[in-house]
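Peer 1: quick one, structure for this:
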Amino acid sequence: MATSFSSQHLVVAFDFGTTYSSYAFSFSNDPLKVQSNQGWNSGTEQLISLKTPTCVLLNSIKEFHSFGFEAENKYTSLAEEDKHHGWLLFRRFKMILHDNENLSRSTTVEDINGVSMPAMTIFAMSISYLRKHFLEALNCQTTGVEETDIKYVLTVPAIWNDNAKQFMRESAVQAGLDTERL
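Peer 2: Prediction:
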(Lines give C-alpha, C1' and ligand atoms only; values in the text may rest on other atoms or scores of the structure.)
Protein backbone atom coordinates (compact mmCIF):
# COMPACT_ATOMS: atom_id res chain seq x y z
CA MET A 1 0.00 0.00 0.00
CA ALA A 2 1.34 3.40 -0.94
CA THR A 3 1.95 5.87 1.84
CA SER A 4 1.30 9.57 1.60
CA PHE A 5 4.09 12.04 1.07
CA SER A 6 4.25 15.20 3.15
CA SER A 7 5.94 18.51 2.39
CA GLN A 8 9.45 17.08 2.71
CA HIS A 9 11.83 16.38 -0.11
CA LEU A 10 13.65 13.33 -1.26
CA VAL A 11 17.03 12.82 -2.84
CA VAL A 12 17.61 10.32 -5.61
CA ALA A 13 21.09 9.41 -6.80
CA PHE A 14 21.64 7.85 -10.20
CA ASP A 15 24.66 5.58 -10.35
CA PHE A 16 25.43 5.82 -14.05
CA GLY A 17 28.13 3.20 -14.45
CA THR A 18 30.41 2.06 -17.23
CA THR A 19 28.94 -1.44 -17.14
CA TYR A 20 25.88 -1.25 -14.87
CA SER A 21 23.54 1.49 -13.63
CA SER A 22 20.90 1.95 -10.96
CA TYR A 23 19.57 4.45 -8.44
CA ALA A 24 18.96 4.86 -4.73
CA PHE A 25 16.93 7.40 -2.77
CA SER A 26 15.99 8.59 0.68
CA PHE A 27 13.46 10.97 2.20
CA SER A 28 14.61 14.03 4.13
CA ASN A 29 12.83 12.91 7.29
CA ASP A 30 14.87 9.67 7.37
CA PRO A 31 18.03 10.28 5.29
CA LEU A 32 19.85 7.18 6.54
CA LYS A 33 17.08 4.90 5.29
CA VAL A 34 18.39 4.54 1.75
CA GLN A 35 16.22 2.57 -0.63
CA SER A 36 17.24 1.21 -4.01
CA ASN A 37 15.45 -0.30 -6.94
CA GLN A 38 14.81 -3.95 -6.22
CA GLY A 39 13.54 -5.19 -9.54
CA TRP A 40 15.90 -5.27 -12.50
CA ASN A 41 15.16 -8.64 -14.13
CA SER A 42 17.66 -10.35 -16.38
CA GLY A 43 16.76 -11.90 -19.71
CA THR A 44 15.72 -15.22 -18.22
CA GLU A 45 13.85 -13.33 -15.47
CA GLN A 46 15.44 -15.82 -13.09
CA LEU A 47 17.95 -13.24 -11.89
CA ILE A 48 16.96 -10.10 -10.04
CA SER A 49 19.72 -7.54 -9.75
CA LEU A 50 20.19 -4.21 -7.99
CA LYS A 51 21.70 -2.89 -11.23
CA THR A 52 20.96 -3.15 -14.92
CA PRO A 53 23.44 -2.98 -17.82
CA THR A 54 24.29 0.51 -19.02
CA CYS A 55 23.17 -0.01 -22.59
CA VAL A 56 20.73 1.77 -24.86
CA LEU A 57 18.80 0.29 -27.77
CA LEU A 58 17.49 2.51 -30.56
CA ASN A 59 15.08 1.27 -33.19
CA SER A 60 15.75 1.46 -36.92
CA ILE A 61 14.68 5.13 -37.06
CA LYS A 62 17.05 6.00 -34.21
CA GLU A 63 14.37 6.45 -31.55
CA PHE A 64 14.84 5.23 -27.99
CA HIS A 65 13.49 1.72 -27.52
CA SER A 66 14.87 0.41 -24.24
CA PHE A 67 17.62 0.44 -21.65
CA GLY A 68 19.47 -2.22 -19.64
CA PHE A 69 18.43 -5.85 -19.58
CA GLU A 70 15.38 -5.01 -21.68
CA ALA A 71 17.62 -3.52 -24.39
CA GLU A 72 19.97 -6.50 -24.40
CA ASN A 73 17.09 -8.97 -24.49
CA LYS A 74 15.30 -7.20 -27.34
CA TYR A 75 18.47 -6.93 -29.43
CA THR A 76 19.27 -10.60 -28.82
CA SER A 77 15.80 -11.69 -29.90
CA LEU A 78 16.02 -9.49 -33.00
CA ALA A 79 19.44 -10.93 -33.88
CA GLU A 80 18.21 -14.52 -33.42
CA GLU A 81 15.53 -13.81 -36.02
CA ASP A 82 17.97 -11.82 -38.22
CA LYS A 83 15.81 -8.71 -37.74
CA HIS A 84 18.39 -6.61 -35.90
CA HIS A 85 19.68 -4.78 -38.97
CA GLY A 86 19.32 -1.03 -38.53
CA TRP A 87 18.84 -1.27 -34.75
CA LEU A 88 21.57 0.37 -32.64
CA LEU A 89 22.85 -1.06 -29.36
CA PHE A 90 25.19 1.16 -27.35
CA ARG A 91 27.35 -0.32 -24.58
CA ARG A 92 30.25 0.98 -22.47
CA PHE A 93 29.78 4.47 -23.90
CA LYS A 94 30.51 6.16 -20.58
CA MET A 95 34.23 5.64 -21.15
CA ILE A 96 34.17 8.29 -23.89
CA LEU A 97 34.21 10.83 -21.05
CA HIS A 98 37.35 9.53 -19.36
CA ASP A 99 40.58 11.28 -20.36
CA ASN A 100 39.00 12.77 -23.48
CA GLU A 101 40.67 16.13 -24.07
CA ASN A 102 38.51 16.69 -27.17
CA LEU A 103 35.20 16.13 -25.40
CA SER A 104 32.51 18.51 -26.65
CA ARG A 105 28.79 18.68 -27.23
CA SER A 106 29.43 17.22 -30.69
CA THR A 107 31.33 14.15 -29.42
CA THR A 108 29.92 10.91 -30.78
CA VAL A 109 29.78 7.32 -29.53
CA GLU A 110 29.57 4.15 -31.60
CA ASP A 111 27.13 1.30 -31.22
CA ILE A 112 28.29 -2.34 -31.29
CA ASN A 113 28.42 -2.22 -35.11
CA GLY A 114 30.31 1.07 -35.38
CA VAL A 115 27.37 3.38 -36.14
CA SER A 116 27.88 6.83 -34.58
CA MET A 117 25.38 8.95 -32.69
CA PRO A 118 25.83 12.14 -30.63
CA ALA A 119 27.10 11.06 -27.20
CA MET A 120 25.00 13.66 -25.40
CA THR A 121 21.85 12.20 -26.97
CA ILE A 122 22.71 8.68 -25.79
CA PHE A 123 23.61 9.90 -22.28
CA ALA A 124 20.41 11.96 -22.08
CA MET A 125 18.30 8.98 -23.18
CA SER A 126 19.91 6.87 -20.45
CA ILE A 127 19.36 9.46 -17.72
CA SER A 128 15.80 10.05 -18.90
CA TYR A 129 15.10 6.33 -18.69
CA LEU A 130 16.53 6.04 -15.16
CA ARG A 131 14.48 9.06 -14.07
CA LYS A 132 11.27 7.63 -15.55
CA HIS A 133 11.93 4.22 -13.97
CA PHE A 134 12.56 5.86 -10.59
CA LEU A 135 9.38 7.96 -10.77
CA GLU A 136 7.28 4.89 -11.64
CA ALA A 137 8.79 2.92 -8.73
CA LEU A 138 8.28 5.87 -6.39
CA ASN A 139 4.62 6.19 -7.38
CA CYS A 140 4.12 2.57 -6.33
CA GLN A 141 5.44 3.38 -2.83
CA THR A 142 3.98 6.78 -2.02
CA THR A 143 1.55 9.43 -3.18
CA GLY A 144 1.70 13.20 -3.30
CA VAL A 145 5.29 13.59 -4.50
CA GLU A 146 5.71 16.62 -6.72
CA GLU A 147 8.59 16.78 -9.16
CA THR A 148 9.78 19.93 -7.39
CA ASP A 149 10.18 17.90 -4.16
CA ILE A 150 12.92 15.77 -5.72
CA LYS A 151 16.62 16.60 -5.66
CA TYR A 152 18.76 14.67 -8.12
CA VAL A 153 22.35 13.51 -7.78
CA LEU A 154 24.24 12.14 -10.73
CA THR A 155 27.33 10.27 -9.62
CA VAL A 156 30.56 10.92 -11.50
CA PRO A 157 34.05 9.57 -10.85
CA ALA A 158 36.22 11.93 -8.81
CA ILE A 159 39.04 11.53 -11.34
CA TRP A 160 36.97 13.05 -14.15
CA ASN A 161 37.91 16.50 -15.30
CA ASP A 162 35.49 19.42 -15.14
CA ASN A 163 34.69 19.08 -18.84
CA ALA A 164 33.39 15.52 -18.37
CA LYS A 165 31.40 16.55 -15.29
CA GLN A 166 29.85 19.43 -17.25
CA PHE A 167 29.02 17.04 -20.10
CA MET A 168 27.08 14.82 -17.67
CA ARG A 169 25.28 17.84 -16.19
CA GLU A 170 24.23 19.04 -19.66
CA SER A 171 23.09 15.52 -20.56
CA ALA A 172 20.95 15.45 -17.40
CA VAL A 173 19.38 18.78 -18.26
CA GLN A 174 18.70 17.56 -21.80
CA ALA A 175 17.05 14.51 -20.17
CA GLY A 176 14.63 16.83 -18.38
CA LEU A 177 16.23 17.30 -14.97
CA ASP A 178 15.88 20.78 -13.52
CA THR A 179 19.37 22.26 -13.16
CA GLU A 180 18.31 23.94 -9.88
CA ARG A 181 17.63 20.53 -8.33
CA LEU A 182 20.62 18.70 -9.81
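Peer 1: just give me the neighbour total for residue 174.
Peer 2: For residue 174, the count of nearby residues is 16 (other CB atoms under 10 Å). Where C-beta positions appear, they are placed from N, C-alpha and C, glycine not excepted.
Peer 1: excluding chain neighbours, what is closest to it?
Peer 2: Nearest residue to residue 174 in three dimensions, chain neighbours excluded: residue 124, at 4.0 Å (CB to CB, 6 or more residues apart in numbering).
Peer 1: which residues in the protein form strands?
Peer 2: Using DSSP state E, the strands of the chain run over residues 3-4, 10-16, 20-27, 35-36, 40-41, 48-49, 52-53, 55-58, 64-67, 88-91, 108-110, 116-118, 142-143, 150-154.
Peer 1: max-length helix in the chain?
Peer 2: As assigned by DSSP state H, the longest helix anywhere in the chain is helix 119-141.
Peer 1: show residues contacting that one.
Peer 2: For helix 119-141, the surrounding residues in contact (CB atoms under 8 Å, 6 or more residues apart in numbering) are 2-3, 10, 12, 14, 16, 21-23, 25, 37, 39, 54, 56, 64, 67-68, 90, 93, 96, 105, 107-109, 145, 152, 154, 167-168, 170-172, 174-177.
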